[in-house]
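Peer 1: Need a 3D model of the following:
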Amino acid sequence: MTDTPARQWTRFAALGDSITEGWCDPVIGSGEPWFGWADRLALEIDRHQRARGAARLEFANLAVRGRRVRHVVDDQIPAAIAMRADLVSVLIGGNDLSALRPDPDRLAAQLETGIAQLVRSGATVLLATAYDPGFSPYLRMLRGRAAVFTAHIHAIAAKHGCRVLDLWTIPGLADRSMWSEDRLHPSTRGHLALLAAAASALGLPAPADADPGAATRLPTSVWLRRHLLPWISRRVRQVSSGDGRGPKLPVPTPVGQRQ
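Peer 2: Next comes the predicted model:
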């Protein structure tokens, strides 16, 4: 738990890629196909603040699958500043770090320019590290570059006064149940773990425990055909599953009143 208590926020903007978009955390009932840790965090902040008499929190989710650091810095951060978000989460870097020859030092320097702009706007910034890919035999090769990027994130947060969503140290994240059938994105259980860590970083009470059930575990041959080979193909062709897509919630909307 952070030593800094939660402040009261009026508008929350979540920035990033597929993890913040909510991939592999299905919505139950009507609404967007994916829910996710950031949408769940907006609900928690709203519930906590309204219990203290605050107005309903407004929320925008600007994250889009496949996005990279440059998209957050060039597009999403200016949009968050323009909408006067006073709480902004930034979780980005996974797609950059899985490129053929990434430069985590350069990526962190690029990201810092955007983080500095957010801080100057007066927003509370919740800045996420990379997660530790060492548990995965398919992603273990990325561990060194992810560790370097994570070290930079901690340094940026310390320099600019950001809250840190430390994915590297989330307990149990290496457990299979934390990951969806594609083995790249968190399952609902994983999104709940991110939610708990984010709430702690913001000084909020721990969210109520929930049992999302077991995640699907595909046989390796099926997983290779359904998920890994298409992912590699997109990397080789330099295309993204998010090409041509916009954010699912681009306009700040009172929590519980999605457009």
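Peer 1: Roughly how far does residue 18 sit from residue 138?
Peer 2: 17 Å (C-beta to C-beta, to the nearest Å). Where C-beta positions appear, they are placed from N, C-alpha and C, glycine not excepted.
Peer 1: more crowded one of the two?
Peer 2: Between residue 18 and residue 138, residue 18 has the larger neighbour count (other C-beta atoms under 10 Å), namely 24 against 13.
Peer 1: Look up how far residue 247 lies from the more buried one.
Peer 2: From residue 18 across to residue 247, the span is 12 Å (C-beta to C-beta).
Peer 1: burial of the nearest residue to residue 146 once chain neighbours are set aside, as a residue count?
Peer 2: Leaving aside its sequence neighbours, residue 146 sits nearest to residue 130 (C-beta to C-beta, 6 or more residues apart in numbering; 4.1 Å). For residue 130, the neighbour count with other C-beta under 10 Å is 26.
Peer 1: Residue 130 reaches residue 93, doesn't it?
Peer 2: Yes - assessed by C-beta atoms under 8 Å, residue 130 is found in contact with residue 93 at 5.7 Å.
Peer 1: Quick check: neighbours shared by the two?
Peer 2: Listed as contacting both residue 130 and residue 93 by C-beta atoms under 8 Å, 6 or more residues apart in numbering are residue 149.
Peer 1: just to revisit the earlier point, looking at this, the residue nearest to residue 146 is in a helix?
Peer 2: No - using DSSP: H, G, I helix; E, B strand; the rest coil, the assignment for residue 130 is coil, not a helix.
Peer 1: what sits against it?
Peer 2: 93, 94, 97, 146, 147, 149, 150, 153, 167, 168.
Peer 1: let's go with 10 Å and repeat that
Peer 2: Counting by C-beta atoms under 10 Å, 6 or more residues apart in numbering, residue 130 makes contact with 91-94, 96-97, 104, 142-143, 145-153, 166-168.
Peer 1: now, which of those residues lie within helices?
Peer 2: Using DSSP state H, the subset of the contacts of residue 130 located in helices is 94, 96-97, 104, 143, 145-153.
Peer 1: Looking at those, which is nearest residue 47?
Peer 2: Distance ranking of the ones in helices among the contacts of residue 130 against residue 47, using C-beta to C-beta, places residue 153 first at 28.3 Å.
Peer 1: what about the closest one, how many residues close to it?
Peer 2: Neighbour tally, residue 153, other C-beta under 10 Å: 27.
Peer 1: With adjacent residues omitted, what lies nearest to it?
Peer 2: residue 129 (4.6 Å).
Peer 1: Surely the one you found is in contact with residue 148?
Peer 2: No - counting by C-beta atoms under 10 Å, residue 129 stays clear of residue 148, with 11.1 Å between them.
Peer 1: More neighbours: which of the two?
Peer 2: Comparing residue 129 with residue 148 by other C-beta under 10 Å, the one with more neighbours is residue 129, at 23 against 18.
Peer 1: OK, contacts around the more buried one?
Peer 2: Residue 129 touches 91, 93, 146-147, 149-154, 157, 164-170, counting by C-beta under 10 Å, 6+ apart.
Peer 1: For the stretch 151-259 of the chain, just list every one of the helices.
Peer 2: Remark: helices assigned in the stretch 151-259 of the chain by DSSP state H, counting those that start in this stretch are 188-201, 220-223, 229-237.
Peer 1: Below-threshold pLDDT in the stretch 151-259 of the chain: ranges please.
Peer 2: By pLDDT under 70, the low-scoring segments of the stretch 151-259 of the chain are 181, 183, 209-232, 234-243, 257-259.
Peer 1: repeat that for 80
Peer 2: Applying pLDDT under 80 to the stretch 151-259 of the chain flags residues 180-184, 208-245, 256-259.
Peer 1: okay, now residue 142: neighbour count?
Peer 2: Residue 142 has 20 nearby residues by other C-beta under 10 Å.
Peer 1: now it: how far from residue 60?
Peer 2: From residue 142 over to residue 60 (counting by C-beta to C-beta), the distance is 30 Å.
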